[in-house]
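Visitor: Here is the input, now give the coordinates:
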Amino acid sequence: MASRGIRLPAILFLLTGTGALWSCVVPDDTSKLAKEDPTTAAAQKEMVGLSEADLRMCAGFPTATADEGASGQIWSYERAVQRGNVNVVLPTFAVGPIPSVGGSLNVAPGGYCNTQVRIVDGRVAEVAYAGDNNLPNRRDGLCVSAVDACVVYARKQSKARPGS
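Guide: Numbering: from 1, shown residues only. Below you'll find the predicted structure:
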């Protein structure tokens, strides 16, 4: 019977300690553990040189465009990502000297990505990302859906060109 009385405080201590650890997580943007997503990194290299027509074929029509004069144009592709979240909520309750225990955890929340593509002389010159676009273990991870088809398209185009 004595072991049953010890279990509840031990469980409460573990729950409280785990909650304290969760609150100390480094934000995705600054984490040294989060690596750049390989697809978005590849897009920044492999999409360079695609024509405007190629870009429309693989990414679709841009959400917005901006004329930058001599610097060309910037096409923006905006993507809101609603992921299937996992929300875990622990009820708050009071036991003995511990005033209350409880909290919540949200895993893989949604976000948004703005993919900017600089067009100079009718060709892609640069690809950049902005927005709330990081995943817990990948920088720019939410931008994959905007560029993955273009990476495949660019690879097919480079194989089709003579001398590649």
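Visitor: Return the helix or strand hosting Thr65 as PDB; C-alpha atoms alone will do.
Guide: Assigned by DSSP states H and E, Thr65 belongs to strand 64-67. C-alpha atoms of strand 64-67 as PDB (Å, rounded to 0.1, in the frame of the first residue of the first chain):
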ATOM      1  CA  ALA A  64       2.300  38.500 -56.700                       C
ATOM      2  CA  THR A  65       4.900  40.200 -58.800                       C
ATOM      3  CA  ALA A  66       7.100  43.200 -58.300                       C
ATOM      4  CA  ASP A  67       9.000  45.100 -60.900                       C
END
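Visitor: Output the contacting helices and strands for it.
Guide: strand 73-81 (3 or more C-beta pairs under 8 Å, 6 or more residues apart in numbering; DSSP states H and E). Quick note: C-beta positions are derived from backbone N, CA and C, even for glycine.
Visitor: count of neighbours near Asp121?
Guide: Residues near Asp121, counting by other C-beta atoms under 10 Å, number 7.
Visitor: Please apply the same query to Glu68.
Guide: Glu68: 12 neighbours (other C-beta under 10 Å).
Visitor: Give me the distance between it and Asn133.
Guide: 22 Å (C-beta to C-beta, to the nearest Å).
Visitor: Just checking: what are the partner strands of the strand holding Thr65?
Guide: strand 73-81 (antiparallel) (DSSP bridges).
Visitor: Counting neighbours, show which residues of the strand it pairs with come out buried.
Guide: By 16 or more other C-beta atoms under 10 Å, the buried positions in strand 73-81 come out as Gln73, Ile74, Trp75, Tyr77, Arg79, Val81.
Visitor: Great, nothing more from me.
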